[in-house]
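>>> what follows is a predicted structure for the sequence shown.
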Amino acid sequence: MERSTEVTRKTGETDISLSLKIDGTGKADIDTGIPFFDHMLTLFAKHGLFDLEVKAKGDIEVDYHHTVEDVGIVLGQAFKQALGDKLGIRRYGFFILPMDECLARVALDLSNRPIFVYQVEAASLMVRDFNILLVREFFQGFANSVGANLHMRLEYGIDPHHIAEALFKCCARALDAATQIDPRTVGVVPSTKELLSE
């Protein structure tokens, strides 16, 4: 069964349509009106091997906060829908990823209990007009809507572009691991509670 979905969300601040195929090849078609954010979502799809299409119109004349946060929310909703009852998934995923002088660590559990821990300190925050503090907002929205226990940590790093890129790539790799089907538990919910979707 193909694990894919489409989600649309319209508010007074953003209008987002997103399509996702979890078992993809890493194809991406991204247009949020924020070039650096498009770059982050493109490499997220590439390194998670997710096929991802995102079209977002937001109040970027105010700033980028609403658009970045809301895309995170919609992406989490899409993963939650596409995973359904989470039958047979590995559930847990983790990755440690080097990106030039940076080292990022991500561990996640698709437990349906949203908890977000973000330990990232950067001396410099701006990549052109994009403040990488928004990376936290994106992943907070994602963790809440997908229902993940998501822990992200930057072990060290200097360049804000590299820091953001390391975090997006690392999360994609961890999420790919967590969403894969374990051939030993096909059709089984990976929980002694036998329920991870409500």
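Ah, there it is. Numbering: from 1, shown residues only.
>>> pLDDT at Ile158, what is it?
Among the per-residue scores, Ile158 holds a pLDDT of 97.
>>> so who does it touch?
Residues near Ile158 by CB atoms under 8 Å, 6 or more residues apart in numbering: Glu101, Cys102, Ala123, Ser124. All C-beta spots, glycine's among them, are computed from the backbone N, C-alpha and C.
>>> quick one: which of those residues has the most company?
For the contacts of Ile158, neighbours were counted by other CB atoms under 10 Å; the highest total belongs to Cys102, with 23 neighbours.
>>> excluding chain neighbours, what is closest to Lys10?
The spatially closest residue to Lys10, leaving aside those adjacent along the chain, is Ile16, at 7.4 Å (CB to CB, 6 or more residues apart in numbering).
>>> got it, and Gly24?
Using CB to CB, 6+ apart and skipping the chain neighbours, the partner closest in space to Gly24 is Asp51 (3.1 Å).
>>> the one you found bridge partners, please.
Partner residues in beta bridges with Asp51, using DSSP bridges, are Lys21.
>>> and it, how many neighbours?
Neighbour count for Asp51, taken as other CB under 10 Å: 18.
>>> cool, Gly12 as well?
Other residues near Gly12 come to 7 when the count uses other CB under 10 Å.
>>> so it, which of the three states?
Going by DSSP: H, G, I helix; E, B strand; the rest coil, the secondary structure assigned to Gly12 is coil.
>>> which SS class is the closest residue to Leu20 other than its chain neighbours?
Spatial nearest neighbour of Leu20, excluding adjacent residues (CB to CB, 6+ apart): Ala78 at 4.2 Å. Recorded secondary structure, Ala78: helix (three-state DSSP).
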